[in-house]
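Participant: Sequence plus predicted model, see below.
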Amino acid sequence: MHKLFFTFSFFFLGFLYQINAQQSENSPYSRFGVGELADNNFNHIRHMGGVGSATIDQYQFNMLNPASYSYLNMYSFDIGVFAKYNSLQDSKNKSSVWTGNIDYLAFAFPLRNPVSDLYEGKKSKTKLGMAFALMPHSNVSYNILSTSKDSLSGTIDRTYIGSGGSYKFLFGNSVKYKDFSFGLNLGYLFGKIENQKNIDFVDLPWAYQNRFGTDYNISGFLWNIGAMYSKVLNEKEIEKDKSKRSKILSFGIRGNSAHGFSTNSNNLEYTIQQAPFNVTRDTIQNVKDIKGKGSLPGEIALGINYYYGEKWNIGFDYQYSFWDSYFNDANAEKKGSMLNASRIGVGGFFRPNYKSFDNFFERVFYRYGVYYQTDPRSVGGEQIEGYGVTFGLGMPFVYQRKISNINLGCQLGQRALSLPISEKYVKISLGVTFNDDEWFLKSKYY
C-alpha cells in the first residue's frame, strides 16, 4: 500500500508542475467562457462514449456520478494521460498541432473492506465509498492572426492570443443501501486565464503598435450530487445455478445548481514604437486587482446501463447544461451570452471470456461509443455542434498479485463544420488503474 501512496504523491507533484508547463492546442473557441471544458469521464468510461451517469464497477470508479463510489470492492488509484492531434480549417488556411499532458489523478476506496466481511462471516446491507481527484476543469489556448488592408494604413495584422485554464480538486462520499446509492462531490476551483490582442501596422514605418491584455485569477467552490439504482434481474435464477451470468440494470441521475466564482483581474493597454536604436512604450491604461464575480451553469444528467455479466454492456447517457445563466465579469460576458447545451452518448463493452487462462485477448474489454453534443458558444447566431466516435481496450494485468487495468483508447471527433473555422481532432488517451484489496482490512488473527 505504501507504494501506491508514493506513486500518487509522485504523480500529484508532476501534475502541479504540468499545470504551468503544459503545451496547449490552438482552439479559437476557447476565447469564450472559461475556455474548453475538460471531459470529466475517466478513460474506461470515455472510451464508451462517456456514458458515466449510470456506470458501476467493482474495480474502476466513476467520478462523474459520486453515487458510484460505494460499488467499489477495492482501493483504486487511477491516472490518465493523453495525446491529441487538433486540426483547424477555414476557407483558405489549415493549421494542425499535437499536444499532450496528464489528464487526471484520482483514488477511491470502500470504507469497509469486503474481505473483512468474509473473515467475520457476514454481509452488510450498507456500503460506503470515498474518492479524491485532481483534474482540469477548462483550458484556454488560441493564437489567431487576422490580416486586413486599409487605404490609408496599408496592411494591418490583428493577433489574438490566449492561455491558461482552470483546475479542480474534488472530494466525494457515497453510501449504498441494498439497491440504492447516493453520493456527493465537493470541490475547489482555481486557475488563471490570460487574453491578449495585438494590432500591428505592418506597412507604416515606426508606427505605434497597440497592445491590449487582460489576465484574471478564478476561484470558487463546486458540488454535485448523484443517485443510482441497480437491480439484478435474474436473482432467483442465480440462486439456483451459480454459473449463470447476472443480468443487471442500473439507473443513474446526477446534477448540480449554478456555481458562483470570484475573479481578480488586471487590465493593461499600451502602445509600442520600434524605431532604429530606440524602443518607445507608452502606457495608456494599467488597472490592477479588479474584483469580479461569475457563475457556472447548473446541470442535470440521466443514464441507463444494462450488464450481461462480464460478457457485455450497453449504456445511454443524456446531459443538459443551463448555460444561459452563465456570466463572467472578468471576461465582460453577461447573462444570455451563452446558449444552453446538451450531450447524448451511447456505448458499452464486449469481453469474450474473462475466465480464459491461455488467451489474453479474450480477457480484454473491447469498448465502443458514439456521442453528439451542442456547445454553449455560438458564431453569428449559429450554435456550435459536434460529434464523434470512441473505442478502446481495457487490458488487465497483475500488479503486486492484484488485478489492475490499462485502458488505451481513441476518440475521433469534429465540430463547427458549418462555421467559418471548423475543427477535427484525434485524441489518444491512456489510463492505468491500480487495485488493492488490503485497504481497511481487519486482521483475521489477533
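Facilitator: Structure received.
Participant: Surely I406 and Y399 touch.
Facilitator: No. I406 lies out of contact with Y399 (C-beta atoms under 8 Å); the separation is 10.2 Å. Any C-beta I mention is one placed from the backbone N, CA and C, and that applies to glycine too.
Participant: how about Y366, secondary structure?
Facilitator: Judged by DSSP: H, G, I helix; E, B strand; the rest coil, the three-state class of Y366 is strand.
Participant: Quick check: it touching Y354?
Facilitator: No. Using C-beta under 8 Å as the test, Y366 is too far from Y354 to be in contact (12.0 Å).
Participant: Comparing those two, which residue is more hemmed in?
Facilitator: Y366 (16 against 13; other C-beta atoms under 10 Å).
Participant: and the helix or strand that E237 is a member of, which residues are buried?
Facilitator: For E237, the host element (DSSP states H and E) is helix 235-240. Within helix 235-240, the residues that count as buried by 16 or more other C-beta atoms under 10 Å are I238.
Participant: Go ahead and confirm V370 touches G388.
Facilitator: Yes. V370 lies in contact with G388 (C-beta under 8 Å); the separation is 7.3 Å.
Participant: The two - which one has more neighbours?
Facilitator: G388 (21 against 16).
Participant: Chain neighbours aside, what residue packs nearest to that one?
Facilitator: In this structure, G388 finds its nearest non-sequential neighbour in G413, 2.9 Å apart by C-beta to C-beta, 6 or more residues apart in numbering.
Participant: Tell me if the one you found really is in a strand.
Facilitator: Yes. Looking at G413 with three-state DSSP, it is inside a strand.
Participant: Give me the distance between the two termini of stretch 347-367.
Facilitator: 8 Å (C-alpha to C-alpha, to the nearest Å).
Participant: Quick one: mean pLDDT over that stretch.
Facilitator: In this model, stretch 347-367 has a mean pLDDT of 92.
Participant: Also stretch 248-268?
Facilitator: 96.
Participant: and the end-to-end length of that stretch?
Facilitator: Stretch 248-268 has an end-to-end distance of 59 Å (criterion: C-alpha to C-alpha).
Participant: got it, and stretch 33-45?
Facilitator: 26 Å.
Participant: Please apply the same query to stretch 138-154.
Facilitator: 38 Å.
Participant: and if you look at stretch 371-390?
Facilitator: Stretch 371-390 end-to-end distance (C-alpha to C-alpha) = 8 Å.
Participant: list the buried ones in that stretch?
Facilitator: 371, 373-379, 383-386, 388, 390.
Participant: between the residues you listed, which is nearest I161?
Facilitator: R377 (18.5 Å; C-beta to C-beta).
Participant: count of neighbours near V287?
Facilitator: Using other C-beta under 10 Å, the number of residues around V287 comes to 11.
Participant: export stretch 162-174 as CSV, just CAs?
Facilitator: C-alpha atoms of stretch 162-174 as CSV (Å, rounded to 0.1, in the frame of the first residue of the first chain):
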residue,chain,number,x,y,z
GLY,A,162,-5.0,33.3,-25.0
SER,A,163,-3.5,30.9,-22.5
GLY,A,164,-4.2,29.3,-19.1
GLY,A,165,-7.1,27.5,-17.7
SER,A,166,-8.9,26.3,-14.5
TYR,A,167,-8.5,23.2,-12.4
LYS,A,168,-10.4,21.5,-9.6
PHE,A,169,-9.8,19.3,-6.6
LEU,A,170,-12.7,17.0,-5.7
PHE,A,171,-13.6,15.1,-2.6
GLY,A,172,-16.6,12.7,-2.7
ASN,A,173,-18.5,10.3,-0.5
SER,A,174,-21.1,7.7,-1.3
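Participant: Pull the distance from that stretch to the chain's centre.
Facilitator: Distance of stretch 162-174 from its chain centroid, counting by C-alpha atoms, centre = their mean, to the nearest Å, is 9 Å.
Participant: What residues of that stretch count as buried?
Facilitator: Neighbour counts over stretch 162-174 (16+ other C-beta under 10 Å) mark G162, S163, G164, G165, S166, Y167, K168, L170, G172, N173, S174 as buried.
Participant: List the residues that contact the first one.
Facilitator: So the one you mean is G162. With contacts defined as C-beta atoms under 8 Å, 6 or more residues apart in numbering, the neighbours of G162 are S30, R31, G35, V140, S141, Y142, N143, I193, E194, N195, Q196.
Participant: now with 7 Å?
Facilitator: For G162, the contacting residues are S30, R31, V140, S141, Y142, E194, N195, by C-beta atoms under 7 Å, 6 or more residues apart in numbering.
Participant: buried subset of these?
Facilitator: By 16+ other C-beta under 10 Å, those give S30, R31, V140, S141, Y142, N195 as buried.
Participant: re the thing from before, I102: which of the buried residues of stretch 371-390 is nearest?
Facilitator: T390 (19.9 Å).
Participant: The closest one: which element?
Facilitator: Going by DSSP H and E, T390 is in strand 382-399.
Participant: Which strands or helices does that strand pack on?
Facilitator: strand 365-379, strand 402-415 (3 or more C-beta pairs under 7 Å, 6 or more residues apart in numbering; DSSP states H and E).
Participant: repeat that for 8 Å
Facilitator: Packing partners of strand 382-399 (3 or more C-beta pairs under 8 Å, 6 or more residues apart in numbering; DSSP states H and E): helix 43-46, strand 365-379, strand 402-415, strand 422-436.
Participant: Ranking these by mean neighbour count, which comes first?
Facilitator: helix 43-46 (a mean of 30; mean count of other C-beta atoms under 10 Å).
Participant: Tell me which residues of whichever helix or strand comes after that one come out buried.
Facilitator: From helix 43-46 onward toward the C-terminus, using DSSP H and E, the following helix or strand is strand 75-89. The neighbour-count check on strand 75-89 (16+ other C-beta under 10 Å) flags Y75, S76, F77, D78, I79, G80, V81, F82, K84, N86, S87, L88 as buried.
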